[in-house]
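Enquirer: Fold the following, please.
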Amino acid sequence: MKCLVAGGNVKVLGKAVHSLSRIGDELYLEPLEDGLSLRTVNSSRSAYACFLFSPLFFQLYQAATPGQDPPRCKILMKSFLSIFRSLVMLEKTVEKCCISINERSGHLVVQLHCKYGVRKTHNLSFQDCESLQAVFDPASCPHVLRAPAKVLGEAVLPFPLALAEVTLGIGRGRRVILRSYQDEDADSTVKAMVTEMSIGEEDFQQLQAQEGVAITFCLKEFRGLLSFAEPANLSLSIHFDTPGRPAIFAISDSLLDGHFVLATLLDPPPNSQDLLSLEVPRPVPQLQAHSTPHLDDFASDDIDSYMIAMETTVGSESSRTLPSVSLSPGLQPSCHSEEEDEAELSTVPGTPPPKKFRSLFFGSILGPEHSPLHPSPVLAEDSEGEG
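Expert: Numbers count the residues shown, from 1 in each chain. This is a model prediction of the structure:
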């Protein structure tokens, strides 16, 4: 595998890595025929993110050596992020970025071609890995919101960086409400202030949702996608169902597609009157358990048929056939400066949501015939001992 990124696209690639680092500690890099895929999943398997860069994004793109299967590799997110840590440096000094896989030495080679003939070469150790893939279908979600990322970025600006979750809902007059969610177990001093933002229907390019529907999800991961989409003037689509079902956040461009799939809090949806009130409802989450001899923190009934983390075997011939998940048609800010963004990234990347969220992913081995429109049941249940 070899690809060459030139000009401003180097910074775009760097910003994508920054967004992914908010979710997972490991980066799955996989060259495909339709582009280079960068994926990650958090440790609790309740958040998944993927960027797919089209071959047109690169000055040169070669997925695999002729006659060989495309390689797949897994590397530490922190190691890859360190190369693109300073976005200002990428923009001012880096002219080209060459990414290649040296299978003989077992290294992912990232070479930065800087001004004045300076070259910086990074050799990152990687592991041959299974293909990380999530099966999801945005078309199956009854509720869809679509707006410029700048609108949503300004809406989350007033929320403190330490806020864990935010509730998104439709209030009276079909206004979109964003409100800070406070856990009933939170400290009383934290509960003292609740922030609520209201956005008119006219600011949305598409608003397909009835009044009273609402979901609660992690804010940090959402901000990660906004930090990528807002500078690029992209529109962000939010596909969601009932509370407890995953929400899909998607962006699309002629050169790339991005998807963030996040767990939502298993709370009953508040009515429209609640959405217009600053009094935050605090229903006790009722989590179901696996039908196993021990209780599990996450339910898996409808999620099993909706979201599956698929890991295919590296050695077999069928494992090289990737599942068919369309990332291109019709669809993945930070509202603070890049310096603040980099400071936040210095903390532990990817905040695993608390156990009041359902786990989205369950490990399984699926054949290549499965598609996101016809998901199959999980073949092996998740257990408490699995990460």
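Enquirer: Going by C-alpha atoms from here, please, whenever you check contacts or count neighbours.
Expert: Will do.
Enquirer: Just the pLDDT for His374.
Expert: At His374, the pLDDT value in this model is 42.
Enquirer: Alpha carbons of stretch 110-122, as CSV, please.
Expert: Presented in CSV, the C-alpha positions along stretch 110-122 are these (Å, rounded to 0.1, in the frame of the first residue of the first chain):
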residue,chain,number,x,y,z
VAL,A,110,4.8,8.0,7.3
GLN,A,111,7.1,10.5,5.6
LEU,A,112,6.5,14.3,5.7
HIS,A,113,8.0,16.3,2.9
CYS,A,114,8.5,19.8,4.4
LYS,A,115,9.8,23.0,3.0
TYR,A,116,13.5,23.5,2.1
GLY,A,117,13.9,19.8,1.3
VAL,A,118,13.4,18.6,4.9
ARG,A,119,12.0,15.1,5.2
LYS,A,120,10.6,13.6,8.5
THR,A,121,10.2,9.8,8.4
HIS,A,122,8.2,8.0,11.1
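Enquirer: any idea of the mean pLDDT in it?
Expert: 94.
Enquirer: list the buried ones in that stretch?
Expert: Buried residues in stretch 110-122, counting neighbours by 16 or more other Cα atoms under 10 Å, are found at Val110, Gln111, Leu112, His113, Cys114, His122.
Enquirer: Please flag which of these sit within strands.
Expert: By the criterion of DSSP state E, membership of the buried residues of stretch 110-122 in strands covers Val110, Gln111, Leu112, His113, Cys114, His122.
Enquirer: how close does the residue nearest to the fifth one when sequence neighbours are not counted sit to Leu4?
Expert: Okay, so that is Cys114. Spatially, and ignoring its direct neighbours in sequence, Cys114 is nearest to Val94 (4.3 Å; Cα to Cα, 6 or more residues apart in numbering). Using Cα to Cα, to the nearest Å, Val94 is found at 12 Å from Leu4.
Enquirer: got it, and Leu60?
Expert: In this view, Leu60 and Leu4 are 5 Å apart by Cα to Cα.
Enquirer: which stretches of the stretch 251-387 of the chain have low pLDDT?
Expert: For the stretch 251-387 of the chain, applying pLDDT under 70 flags the ranges 267-387.
Enquirer: ok, Asn102 - contacts?
Expert: By Cα atoms under 8 Å, 6 or more residues apart in numbering, Asn102 lies in contact with Leu108, Val109.
Enquirer: so what's it bridging to?
Expert: Going by DSSP bridges, Asn102 is paired in beta bridges with His107.
Enquirer: Show the pLDDT at it.
Expert: At Asn102, pLDDT is 83.
Enquirer: Leu60 and Leu4 - which one has more neighbours?
Expert: Leu4 (20 against 14; other Cα atoms under 10 Å).
Enquirer: Export the ones in strands among the buried residues of stretch 110-122 to JSON lines and append columns for distance to Ala16.
Expert: Below are these laid out as JSON lines (distance: Cα to Cα, whole Å):
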{"residue": "Val110", "distance to Ala16": "16"}
{"residue": "Gln111", "distance to Ala16": "18"}
{"residue": "Leu112", "distance to Ala16": "17"}
{"residue": "His113", "distance to Ala16": "19"}
{"residue": "Cys114", "distance to Ala16": "20"}
{"residue": "His122", "distance to Ala16": "19"}
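Enquirer: Widest-spaced pair of these?
Expert: The distance between the two most remote of those (Cα to Cα) is 13.5 Å, for Cys114 and His122.
Enquirer: Domains of this protein: list them as residue ranges, please.
Expert: Following automatic domain parsing, the chain resolves into domains at 2-132, 138-293.
Enquirer: Comparing these, which yields the minimum mean pLDDT?
Expert: Ranked by mean pLDDT, the domains of the chain end with domain 138-293 at the bottom, a mean of 82.
Enquirer: Can you give me the neighbour number for Thr242?
Expert: 19.
Enquirer: helix, strand or coil for it?
Expert: coil (DSSP: H, G, I helix; E, B strand; the rest coil).
Enquirer: If anything else comes up later, I'll come back, but that's it for now.
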